[in-house]
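[1] Have a look at this fold, sequence not included:
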RNA sequence: GACCCCGUAGCUCAGUUGGAUAGAGCAACGGCCUUCUAAGCCGUAGGUCGCGCGUUCGAAUCGCGCCGGGGUCGCCA
């Protein structure tokens, strides 16, 4: 539609000699009365040319050569907008494309097969995934899908660390719980993980090994505790991600950066560039030389690196592995680390512009009208598993994806539980199920069948107001997907799907599909099939099921 | 104190690169099922877009300054 007008209006501007003065833009007006597309080009020209914008608009309209089969009206409105209205046929003709592309309708190819990576979740195996991780899982997985739909070859990656302090604490906590099974008076470490899950893991160990760990050297028993706890927690993490329909392609272990010498290489490179120095027994990154406010420690005086060093090395690896687009999905608590990593990456010769960081704000849970305080150390947090148990995976995903990444998400557990039938996700799913039901009825009792060749359908017969509104929306799908992908904003799609469902419900209310006139029935049925395709494809990108019946 | 996110209807939130009369869901009120799914549809009501100044043909959107909520500033990740 825009392309069509861009050519014609562009030609008109050329005839008038205005073409190189301004950029030609079209927008979809918010109001129906203002047509299908509008351009402000006359207003933009007003200043450089020094004429009244309405007069310029008049000239442009006069110079246009449009086919009345496609464009039914051109008008000048307000301060100088030029509004265009297309014929119903212009839209309905394009419905055949939706039928032809089917499950692929909405795919575009801006990515052209380039490699992209989305890193998300990346929680270390020290406990069950939280609700916040759930938001990240939904966002990351959907961003990956969006990039796939726009032509990228996408890798979903999970980066984790099973070494270091956190894992030591995990091992100590597990061992303490294990010992408590034999002697309740054994003390629990002050900074240990309090969660009930540790106790369960300790019991597992007891079942498998009896009291064997009591008599072995502590170092050895800690090793066993860590291995068992890590394995158990990772299994649980993967299981809950699977419940949400999320599957990572790669699990990248931070350890491999050490064993392969990548960490040392990075340190050497920083030193050789004069960007690292020793002070008080630690190695510092001269971040101030990279435009940041203060220098940062990259290797502690204990000899252990801080998180920054492996993070920088890891990102360099992402570049070396050939990813041209690198998306990091982080929670708001990681904001502070980003500048350091990007600066480090840049200093080592990689283009930080290729890294796009998506920050999502926290999820707060409301229970009985009060905020649930959550801490991984304390036992009172609600896990992602709990949430899925409460409201179901579809609702969890949809809710997490409905909101812009940057907004704080308030999740009222009572409301989600009580009113789960009124969840917005049901509205969209219901439209899909309703269409499936109509299609079943049509092909059975109704005796209406769609022809093999979509061009045999007379789409001119679905030109009623509700039908045209629906048609226009459906045709926007590829643009919505591409826009959400380019902006890395998942929430645009749920908003769009709600609109589609609404337009469909109205159409359904206004028109009976299976009617005696065979041509009309066929055209309406085709419109239903197109709607179903868009809903199914859209829900697929969201990772939400598209039910045949409800 | 510095930096990041947010502030839009009673509540939860949309609002595309600045566009014309700011939208949806929930909650409230009133209608619509002998016909393909009423988990639906139609209507009513609800707003100084946190406040002020500026930029311009035009601001919820951009800039500056305040106010309010959340977050981050570690040799934790």
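    In hand now; what should we look at? Computed from a predicted model, the values in this text were never measured in an experiment. Numbers count the residues shown, from 1 in each chain, chains lettered A, B, ... in the order given.

[2] C-alpha only now, for contacts and for neighbours.
    OK.

[3] What strand or helix carries residue A:270?
    Assigned by DSSP states H and E, residue A:270 belongs to helix A:262-272.

[4] Could you give me the buried positions within that helix?
    Counting neighbours by 16 or more other CA atoms under 10 Å, one finds that the buried residues in helix A:262-272 are A:262-264, A:266-267, A:270-271.

[5] Equivalent analysis for stretch A:244-259, please.
    Judged by neighbour count using 16+ other CA under 10 Å, the buried positions of stretch A:244-259 are A:244-248, A:252-254, A:257.

[6] Spell out which residues of the stretch 51-200 of chain A are next to RNA strand B.
    Residues of the stretch 51-200 of chain A found near RNA strand B (CA under 7 Å from any atom of the strand) are A:77-79, A:81-83, A:124, A:161, A:164-166.

[7] Out of those, who's the most crowded?
    The member of these that has the most neighbours, counting by other CA atoms under 10 Å, is residue A:82 with 25 neighbours.

[8] So which residues of the stretch 301-450 of chain A form helices?
    With DSSP state H, counting those that start in this stretch as the criterion, the stretch 301-450 of chain A has helices at A:308-320, A:337-347, A:384-391, A:393-402, A:413-418, A:424-441.

[9] Distance from the longest one to the middle of the chain?
    With CA atoms, centre = their mean, to the nearest Å as the basis, the distance from the averaged C-alpha position of helix A:424-441 to the chain average is 24 Å.

[10] Run the contact check for it versus RNA strand B.
    Yes: residues of helix A:424-441 are located near RNA strand B by CA under 7 Å from any atom of the strand, namely A:424, A:426-427, A:430, A:433-441.

[11] Tell me where the stretch 401-550 of chain A is predicted with low confidence.
    Counting by pLDDT under 70, the stretch 401-550 of chain A shows low-confidence ranges at A:418-421.

[12] The helices of the stretch 301-450 of chain A: which one's closest to residue A:223?
    With CA to CA, the closest approach to residue A:223 among the helices of the stretch 301-450 of chain A belongs to helix A:308-320: 23.2 Å.

[13] So which of the residues of the stretch 51-200 of chain A next to RNA strand B sit within helices?
    Among those, the members found in helices (DSSP state H) are A:165-166.

[14] Just put the residues of the stretch 51-200 of chain A next to RNA strand B in a markdown table and tack on pLDDT.
    Supplementary listing: those in a markdown table, determined by pLDDT from 0 to 100:
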| residue | pLDDT |
| --- | --- |
| A:77 | 81 |
| A:78 | 76 |
| A:79 | 77 |
| A:81 | 85 |
| A:82 | 88 |
| A:83 | 88 |
| A:124 | 91 |
| A:161 | 89 |
| A:164 | 81 |
| A:165 | 84 |
| A:166 | 87 |
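
[15] so how far is the helix or strand that the helix holding residue A:270 is followed by off the chain centroid?
    Heading C-terminal from helix A:262-272, the first helix or strand you meet, by DSSP H and E, is strand A:276-279. Strand A:276-279 sits 40 Å away from the centroid of its parent chain (CA atoms, centre = their mean).

[16] The very next helix or strand once past strand A:276-279 vs RNA strand B: in contact?
    Proceeding C-terminally, strand A:276-279 gives way to strand A:282-285 as the next helix or strand, assigned by DSSP H and E. Yes: contact check for strand A:282-285 against RNA strand B, using CA under 7 Å from any atom of the strand: residues in range are residue A:282.

[17] Please name the bridge partners of the residue nearest to residue A:355 when sequence neighbours are not counted.
    Taking CA to CA, 6 or more residues apart in numbering as the measure, residue A:355 lies nearest to residue A:326, with 4.7 Å between them; neighbours along the chain are not counted. Residue A:326 has the following beta-bridge partners by DSSP bridges: residue A:117, residue A:355.

[18] Next, count neighbours for residue A:547.
    Residue A:547, neighbours per other CA under 10 Å, totals 14.

[19] any idea how far it is from residue A:396?
    Relative to residue A:396, residue A:547 is positioned 16 Å away (criterion: CA to CA, to the nearest Å).

[20] Let me have the buried residues of helix A:262-272 in a markdown table, extended by distance to residue A:465 and pLDDT.
    Putting the buried residues of helix A:262-272 into a markdown table (distance: CA to CA, whole Å; pLDDT from 0 to 100) gives the following:
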| residue | distance to residue A:465 | pLDDT |
| --- | --- | --- |
| A:262 | 63 | 94 |
| A:263 | 63 | 94 |
| A:264 | 67 | 94 |
| A:266 | 63 | 95 |
| A:267 | 66 | 95 |
| A:270 | 65 | 95 |
| A:271 | 69 | 95 |
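
[21] Could you single out the nearest of those to RNA strand B?
    When those are ranked by distance to RNA strand B (CA to the nearest atom of the strand), residue A:263 comes first, at 13.7 Å.

[22] Now do the helices in the stretch 151-300 of chain A.
    Taking DSSP H, counting those that start in this stretch as the criterion, the stretch 151-300 of chain A carries its helices at A:165-180, A:196-209, A:212-215, A:218-243, A:255-259, A:262-272.

[23] what about the fifth one, distance to the chain center?
    Remark: helix A:255-259 is offset 30 Å from the chain centroid, using CA atoms, centre = their mean.

[24] how about that helix, does it get close to RNA strand B?
    No: figure legend: helix A:255-259 not in contact with RNA strand B (CA under 7 Å from any atom of the strand); closest approach 11.0 Å.

[25] residues in contact with that helix?
    The contact list for helix A:255-259 (CA atoms under 8 Å, 6 or more residues apart in numbering) reads A:161-163, A:263-264, A:310, A:313-314.

[26] Tell me which two in those are the farthest apart.
    Based on CA to CA, the longest span within the contacts of helix A:255-259 runs between A:162 and A:264 and measures 19.0 Å.

[27] I'd like the residues of helix A:424-441 next to RNA strand B written out as a markdown table, with neighbour count and distance to residue A:197 added.
    What follows is these, written out as a markdown table (neighbours: other CA atoms under 10 Å; distance: CA to CA, whole Å):
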| residue | neighbour count | distance to residue A:197 |
| --- | --- | --- |
| A:424 | 17 | 33 |
| A:426 | 18 | 33 |
| A:427 | 16 | 37 |
| A:430 | 19 | 38 |
| A:433 | 18 | 39 |
| A:434 | 21 | 43 |
| A:435 | 23 | 44 |
| A:436 | 19 | 43 |
| A:437 | 14 | 45 |
| A:438 | 18 | 48 |
| A:439 | 21 | 48 |
| A:440 | 15 | 48 |
| A:441 | 14 | 50 |
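
[28] Once you drop chain neighbours, what's closest to residue A:84?
    Once its chain neighbours are removed from consideration, residue A:84 has its nearest residue in residue A:74; the separation is 4.7 Å (CA to CA, 6+ apart).

[29] can you list the domains in chain A?
    With domains defined by automatic domain parsing, chain A comprises A:2-86, A:95-110+A:420-542, A:115-160+A:247-360, A:165-243.

[30] Select, out of the helices of the stretch 151-300 of chain A, the one closest to residue A:2.
    Nearest to residue A:2, of all the helices of the stretch 151-300 of chain A, is helix A:218-243, at 40.6 Å by CA to CA.

[31] Residue A:408 contacts residue A:363, doesn't it?
    Yes: contact between residue A:408 and residue A:363 holds when scored by CA atoms under 8 Å: they sit 6.1 Å apart.

[32] what about those two, which has more around it?
    Comparing residue A:408 with residue A:363 by neighbour count (other CA under 10 Å), the higher total belongs to residue A:363, at 19 against 14.

[33] That one contacts residue A:131, doesn't it?
    Yes: under the contact definition of CA under 8 Å, residue A:363 touches residue A:131, with a separation of 6.9 Å.

[34] how distant is stretch A:386-403 from the center of its chain?
    14 Å.

[35] What of stretch A:516-535?
    31 Å.

[36] for stretch A:182-190, same thing?
    Relative to the centre of its chain, stretch A:182-190 is centred 44 Å away, using CA atoms, centre = their mean.
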